[in-house]
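**Q** Quick check, what structure comes out for this input:
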Amino acid sequence: MKREEFAKRMAECDARQAELKKKCKDLRKRVQQKEQEVQETRSKIDRATKKQDEERQLQQEKDAEIEEKIKQVSDEELRYEKLIKDLDRTNRYKQFLDLVCEENEGYFEEVDRILMRYESLSEQQKEQAERLLTNQNTIEDQRDKLGKFSKASVTEVVERNATIASYRKTLDELVAQRKESEANQEKIKTRQQKSIMELGSIEMAVDNLYTRCFIVDQELSKAQTQEVERIMRLPRDSKTLQMLDRLCIIFVDMDHIAVHAKAHPKKVAGSPTSKAKAEGLSSSDQFYDVEPVGNASNVAGSPPLPSTDAQSSVKSDGSQHR
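**A** Reported below is the predicted structural model:
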C-alpha cells in the first residue's frame, strides 16, 4: 500500500511538475512577447520623439523663413512707396515736357542737348557706381588683410612677451643664485679669516709662552740652544706642536693643587704622593733649567691657558702628531 501511495504521489508530483513546466514556458513566452511589445513601443516612442524634434526644428526654420519673408515684404512695400513718390515727383517734369511739346510743335535743339547731357551723365553715374563698388570690395579685402595681420602681430607680441618673461625669470634666478653664492663665499671668507686670526693668535700666544718659559732670562746650555733653534726652524704646525708638548710638561694648575692642599693639609704634607710630585716637579725644573710657572695668568701679555683636562688633551694631540 505504501509503495502504491508513494507511486501515486510521485505520479501526481510528476504531473504537477509537467504542468508547472508548461505554465513556466507559457509565462516565458508571454514575458518575451511583452518585452518585444515594450521594445516596439519604445522604438515607436523614439521614432515619434525624433519625428517631433525634426518637425519642431522644421517649424522653427519655417518660422524664421516666414519672418524673413515678412521683412522682405515690408522692405518691398517701403521700396514701392518710395518708387511711387519718385514717380509722382518725376511725372511733373514729364507733364511739363509734354505740355511744352504740345504747345510748341517742332524741333528743339535745347531739348536734344538736354537729353544727350542726361544720357552722358547717366553713363558717368553708372561708371562711378561701378568704380565705387570696386573700391568698396578693395577696401574690404584690405581690411580683412589688416585684421589678419593685426591678429598675427598680437599673437607674435604675446609670444615674444612670454619669451621675454621666461628669460627675465631665468635672469632673476641666476642673479639670486649669484647673490647667494657671493654671500656664501663672503661667509666662508669671513670664517677663514676668523680662523686664520684665531690660529695666528694661538700661535703667537704659544710662541710668547715658549719664549718666556724657555728662552728669556734663562741660561741655556749648548744642547738646549740647539734644541730651541731646531724647534724654531721647524714648519709652523710642527713648531707649534713641539712648543705645546714642552709647555704641557711645565704648566700645572696651581689653583687645583692649592684647593686640594687646603682641604687636606696634613695628609698632603706628609703623604709620599706629594713628595713624589714635588720631586718630579723639581726634576723637570732642573731638566729645563727654569723656574716653575703657575697659572697662565702669571705670564704678562699671554692669553688664558686651558685647565688640566684641556692640557692633557692638547698633550695627547701633540703625541699623536709626533
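**Q** For the protein, which residues score under the pLDDT cut-off?
**A** Low-confidence segments of the chain (pLDDT under 70): 1, 103-111, 250-322.
**Q** what helices or strands is the longest helix seen in it leaning on?
**A** Assignment by DSSP state H gives helix 109-214 as the longest helix of the chain. In this structure, helix 109-214 packs against helix 236-250, with contacts taken as 3 or more Cβ pairs under 8 Å, 6 or more residues apart in numbering; DSSP states H and E. Where C-beta positions appear, they are placed from N, C-alpha and C, glycine not excepted.
**Q** for the helix it packs on, packing partners?
**A** Under the contact criterion of 3+ Cβ pairs under 8 Å, 6+ apart, helix 236-250 touches helix 109-214, helix 222-233, helix 272-288, helix 308-321.
**Q** do that again at 6 Å, thanks
**A** Contacts defined by 3 or more Cβ pairs under 6 Å, 6 or more residues apart in numbering; DSSP states H and E place helix 236-250 against helix 109-214, helix 308-321.
**Q** if we can go back for a sec, would you mind getting the angle between the longest helix of the chain and helix 222-233?
**A** Counting by axes from the mean of the first three to the mean of the last three Cα atoms, to 10 degrees, helix 109-214 points 170 degrees away from the direction of helix 222-233.
**Q** how far does the helix or strand harbouring residue 63 sit from the chain's center?
**A** Following DSSP states H and E, one finds residue 63 within helix 2-103. Helix 2-103 has its C-alpha centroid displaced from the chain centroid by 58 Å (Cα atoms, centre = their mean, to the nearest Å).
**Q** before we move on, what about stretch 221-238?
**A** With Cα atoms, centre = their mean as the basis, stretch 221-238 stands 64 Å off its chain's centre.
**Q** How about stretch 175-186?
**A** A distance of 21 Å separates the centroid of the chain from that of stretch 175-186, by Cα atoms, centre = their mean.
**Q** Only the C-alpha atoms, please, for that stretch, written as CSV.
**A** Output of stretch 175-186 as CSV, limited to C-alpha atoms (Å, rounded to 0.1, in the frame of the first residue of the first chain):
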residue,chain,number,x,y,z
VAL,A,175,71.1,86.8,-10.2
ALA,A,176,69.6,85.3,-7.0
GLN,A,177,71.9,82.3,-7.3
ARG,A,178,74.9,84.6,-7.9
LYS,A,179,74.0,86.7,-4.8
GLU,A,180,73.5,83.6,-2.7
SER,A,181,76.9,82.2,-3.9
GLU,A,182,78.6,85.6,-3.2
ALA,A,183,77.0,85.6,0.3
ASN,A,184,78.2,82.1,0.9
GLN,A,185,81.7,82.9,-0.4
GLU,A,186,81.7,86.0,1.8
